[in-house]
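# Okay, here's the prediction I keep looking at, along with the sequence it came from:
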Amino acid sequence: MRVLVLKRRLGAKVLRAVASVLRLNILRLLYDRGPLSYTEIMNYLKLSPSRDAGRFAYHLKTLLNMDLIASDPSSKKYRITELGRTLVEFTDDLENSAYMEQMLVRTSRLAIERFDRNKIAESLVREADVPVDLAQRVAREAERRLMKLGTKYLTAPLIREFVNAILIERGLEEYRHKMTRLGFPVYDVTLLLKEMSGKSADVEKVQMAAGKRVIEEYTLLNALPREVADAHISGEIHIDNLGCWVLKPSVFMHDARVFFQQGLIIRNNLSKMNPMPTPKSLRSALSLLSNALQLTAAEVSSEQGLDFINVFLAPFIKGLSVEEIKEEISIFLASANLTVSTGVSLGLELGVPFFLLESRAFGSEGKDVGVYGDFVDESLLLASIFLECLKENIKYKPILNPSVIIKIRSRSLRDDESERLLHLAHELAVHGLPYFANLIREPQEYASYVATGLRFAADWKEDWEIDTIRTGCMDQVTVNLPRAAYESEKEEESFFENLQDFAEKGLKALRIKHQTMKSRADEGLLPLLLQKEEGDYYFRIGNSLSILSFAGLNEAVQFMTGEAIQESSNSLSFAEKIVSQLADQVDKYSKKIGIRLDLGLPSNFEAATRLAQLDIERYGLGTVLTQGERETPYYTSLNVVPHHVEMPLEDYLKTESCFHGLASGSHLAKISLDNLEVSPEELISTTKKITDQYPIGLYTYDRTLTYCSNCRKTWHGEQLKCPNCGSVNTLTQFKRETARYQAKKT
């Protein structure tokens, strides 16, 4: 009985010890912060040494006498005892018990639950690997602050903000980094809706844009090293397709023969899609390809290619009339245009290339029907019909996707039928439609292109089939050349040091992308691309290409030398030196890590615009050299020479050709036809000049197009009103700011 009385007296004394708010605050401070000195405790509690020293010493002594705190003579600091720790936890629970019953939380699982401090601690341990003891202390501090709000309705994001604030205050930045919540504010969603409606986007694209922004944040916070993420945010580099960076590749080059031989099979037990059998006719073969493109569009962010399409389809047109073939091709082009969300590139051969002449040909039901050399006439007929179908749409609204790439080989300029096809292709070129791949020179003979300028060549495993089809491009990173120049203050050595540093960060990002895509193969998130064909993935990941590109070569050269690239041999030589150094760095890095990397000429207008805007914010309009209007500045992209510069065509082609060999991974020369009335014969003459004299890999004749939705007709140039009906609000302009045409409302 006596022991019980003593216990009760001791308990009463302990409770009296914390009856003072100041004493309780001292205990809580030591509980949260750990050992503190006399002065530190006073500072944290915002007490005055001159005014409050006496009463503070009294309260401190009281806590010492009750064994609630202890002093360490060596460090001259006070720490909380186990009894003091128990008392703090008890008083917290006592204070909160009544209010806690009423405080509700709307969780991220869209459920409403009563507030529970332990769930904060559990999240800290699970998400950020915070030690349990520290997690409990942070959770208690968050609970106290939330209680002071006086609100009865909390949300998970609000609680997370409080927790992150506490982590920052305590210098626990790494834990805070892991606890970051992805997403964006309500106001940003409202802006996104307005922005997407201005682009005439549908609701699915709005949804996709919102999802991509979340993945962008995740990639920058969690997938990339801090220095690489900061380089993108600050504008040293631009990481393309950031919203898909950890999910899927940018470009994929199909092999139609796989589908003709095996059909379309989704090797995913949870898939609701039925397989498609091997095709029996041209119609079923084209339907199979169309479905493959639609399905792959979910697994590729930018572009799909179907090379040699007329050669591989040739066995299926035996016994069909021209009209029957034409109808099926028209339906295929319309279907791809309407239903495939990515870009589609169709490689048309003006004959059968020598390396396919003895290759096995697959026909109806996947049967072996000889070799493709047996179907030369059928291949030429199909190429002609593809071009005729595109030509019929010119007078209305041209088909801008799929894009056709005319592959010019030595025989194409000697054979009569190939010459006829070349003339037909240049009838389309008058309207800016097809692309032309110059495959006459020896290094080019096995090359395959897509419309973005990306080039696949037999330069990795030195086997055309392994290196150019059933492979793709992981993605692209763009280096900001003008930023390297501005930071160097026109010192050449400093400029190249900056350039090397920026490129190194870009190459690190590409390495991480490649590694991430390999992990996707084990997760089953790309069921079509990463299904296995005879023990090998359909997508040969190991042979995939990654591109380091650059923006603002012309502006960087002009800043460093005082002259634009086309203005002197000195500036041109400096530009070649820049690109050569980048190419060497990419090649060395590729060999070092064993990943297929290459340098490419710029094709991303978004990167050129974003980097220019960031540089203007950083250095001001007086320093930064840009193209475009003051409100819409951008750096030179796509071509080396700015597109608005007037210069002789021969000089332009000579300048561009200097860089196609150096930037062999991606290149496209855009030859402007704006304000020019030209004939197919004149363009054929230019094409022959290019193939004879200039090592330009891929080029296109470009002109702005204006479409009237009222008349359903297309006109050359930028029209302010429809030349036919006079309408203004019905016009849409198509401009090739990037490698592909983009729609712009007038």
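On my side now, so go ahead.
# Find the residue at the geometric middle of this structure.
Geometric centre of the chain, nearest residue: Asn241, 1.1 Å, by C-alpha atoms, centre = their mean.
# Touching, it and Ser301? I think so.
Yes: contact status for Asn241 versus Ser301: in contact at 4.7 Å, counting by C-beta atoms under 8 Å. Any C-beta I mention is one placed from the backbone N, CA and C, and that applies to glycine too.
# Now list whatever residues contact both of these two.
The contact sets of Asn241 and Ser301 overlap at 250, 475 (C-beta atoms under 8 Å, 6 or more residues apart in numbering).
# how about the residue nearest to the centre of the chain, phi and psi?
Reported as degrees, to the nearest 10, the phi and psi values for Asn241 are phi 50, psi 40.
# Pull the contacting residues for it.
Contact partners of Asn241, counting by C-beta under 8 Å, 6+ apart, are 250, 301-302, 475-476.
# ditto for Asn604
Neighbour list for Asn604: 238, 240, 476, 478, 549, 551, 637, 738 [criterion: C-beta under 8 Å, 6+ apart].
# Equivalent analysis for Val125, please.
Residues near Val125 by C-beta under 8 Å, 6+ apart: 131-132, 135.
# For this structure, name the helix or strand with the lowest mean pLDDT.
Sorted by mean pLDDT, DSSP states H and E, the helices and strands of the chain end with helix 2-17, the least confident at a mean of 58.
# now for the helix or strand following it, which elements pack on it?
Using DSSP states H and E, the next helix or strand after helix 2-17 towards the C-terminus is helix 21-33. Based on contacts counted as 3 or more C-beta pairs under 8 Å, 6 or more residues apart in numbering; DSSP states H and E, the elements that helix 21-33 packs against are helix 38-44, helix 53-65, strand 69-72, strand 77-80, helix 82-100, helix 132-149.
# so which of these is the most packed in?
Among the helices and strands packed on helix 21-33, strand 77-80 has the highest mean neighbour count (mean count of other C-beta atoms under 10 Å), at a mean of 20.
# Mind giving me the packing neighbours of that strand?
Helices and strands touching strand 77-80, by 3+ C-beta pairs under 8 Å, 6+ apart, are helix 21-33, strand 36-37, helix 38-44, strand 69-72.
# Assign Ala485 to helix, strand or coil.
Look at Ala485: counting by DSSP: H, G, I helix; E, B strand; the rest coil, its state is helix.
# That one contacts Phe559, doesn't it?
Yes: taking C-beta under 8 Å as the contact criterion, Ala485 and Phe559 are neighbours in contact, 4.4 Å apart.
# which of those two has more neighbours?
Ala485 (27 against 20; other C-beta atoms under 10 Å).
# ok, that one - contacts?
Counting by C-beta under 8 Å, 6+ apart, Ala485 makes contact with 495, 498, 555-556, 559-560.
# and it, how far is that from Ser568?
Per C-beta to C-beta, to the nearest Å, Ala485 is found 17 Å from Ser568.
# sorry, back to before: mean pLDDT lowest where, among the helices and strands packed on helix 21-33?
Confidence, taken as mean pLDDT, is least for helix 82-100 of the helices and strands packed on helix 21-33 (a mean of 71).
# Now stretch 250-264: average pLDDT?
Within the predicted structure, the mean pLDDT of stretch 250-264 is 95.
# coming back round to it: is it possible to export the helices and strands packed on strand 77-80 to JSON lines including distance to Gly506?
Formatted as JSON lines, the entries for the helices and strands packed on strand 77-80 read as follows, by distance: least, C-beta to C-beta, whole Å:
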{"stretch": "helix 21-33", "distance to Gly506": "43"}
{"stretch": "strand 36-37", "distance to Gly506": "47"}
{"stretch": "helix 38-44", "distance to Gly506": "46"}
{"stretch": "strand 69-72", "distance to Gly506": "52"}
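# so which of those gets nearest Tyr701?
Nearest to Tyr701 among the helices and strands packed on strand 77-80 is helix 21-33 (70.6 Å), distances taken as C-beta to C-beta.
# buried stuff in the closest one?
Neighbour counts over helix 21-33 (16 or more other C-beta atoms under 10 Å) mark 22-24, 26-32 as buried.
# Can you tell me which of those residues is closest to Arg703?
Top of the list for closeness to Arg703, among these and by C-beta to C-beta, is Asp32 at 69.2 Å.
# Please tell me how far that closest one sits from Ser519.
If you go by C-beta to C-beta, the gap between Asp32 and Ser519 works out to 40 Å.
# And Arg470, by the same measure?
Per C-beta to C-beta, Arg470 is found 20 Å from Ser519.
# got it, and Leu27?
Taking C-beta to C-beta as the criterion, Leu27 is separated from Ser519 by 49 Å.
# out of Arg470 and Ser519, which sits in the busier spot?
Between Arg470 and Ser519, Arg470 has the larger neighbour count (other C-beta under 10 Å), namely 22 against 10.
# separation between the closest residue in space to that one that isn't next to it in sequence and Gly305?
In this structure, Arg470 finds its nearest non-sequential neighbour in Asp255, 4.8 Å apart by C-beta to C-beta, 6 or more residues apart in numbering. When distances are taken as C-beta to C-beta, Asp255 and Gly305 turn out to be 10 Å apart.
# who's more crowded, those two?
Neighbours per residue, other C-beta under 10 Å: of Asp255 and Gly305, the larger number sits with Gly305, 28 against 20.
# those helices in the stretch 601-746 of the chain, which residues are they?
Taking DSSP state H, counting those that start in this stretch as the test, the helices found in the stretch 601-746 of the chain are 605-619, 649-660, 680-693.
# What of the stretch 451-600 of the chain?
Counting by DSSP H, counting those that start in this stretch, residue ranges of the helices within the stretch 451-600 of the chain are 464-468, 481-488, 492-523, 553-561, 569-593.
# so who does Phe605 touch?
The neighbours of Phe605, taking C-beta under 8 Å, 6+ apart as the test, are 634, 637-638, 737-738.
# So which of these is the closest to Val322?
Within those, distances to Val322 taken as C-beta to C-beta reach their minimum at Thr738, with 35.6 Å.
# In space, what's closest to the closest one - neighbours in sequence excluded?
Leaving out its chain neighbours, the residue that sits closest to Thr738 by C-beta to C-beta, 6+ apart is Phe605, at 4.6 Å.
# pLDDT value on that neighbour, please?
For Phe605, the model assigns a pLDDT of 91.
# ok, back up a step: out of the contacts of Phe605, who's the most crowded?
Ser637 (30 neighbours).
# about what we covered before: need the max-distance pair from the contacts of Asn241.
For the contacts of Asn241, with distances taken as C-beta to C-beta, the pair at the greatest spread is Ser301 and Gln476 (10.6 Å).
# what residues do the two have in common as contacts?
Between them, Ser301 and Gln476 share the contacting residues 241, 250, judged by C-beta under 8 Å, 6+ apart.
# Settle it for me: which of these two has more neighbours?
Counting neighbours by other C-beta under 10 Å for Ser301 and for Gln476 shows that Gln476 has the greater number, 30 against 22.
# on that earlier part again, pretty sure the residue nearest to Arg470 sits against Thr471.
No: with contacts defined as C-beta under 8 Å, Asp255 does not count as touching Thr471, sitting 9.4 Å away.
# and the gap between the residue nearest to Ile469 when sequence neighbours are not counted and Cys708?
Closest residue to Ile469 in three dimensions, ignoring its sequence neighbours and counting by C-beta to C-beta, 6+ apart: Asp255, at 4.4 Å. Computed as C-beta to C-beta, the Asp255 to Cys708 distance reads 40 Å.
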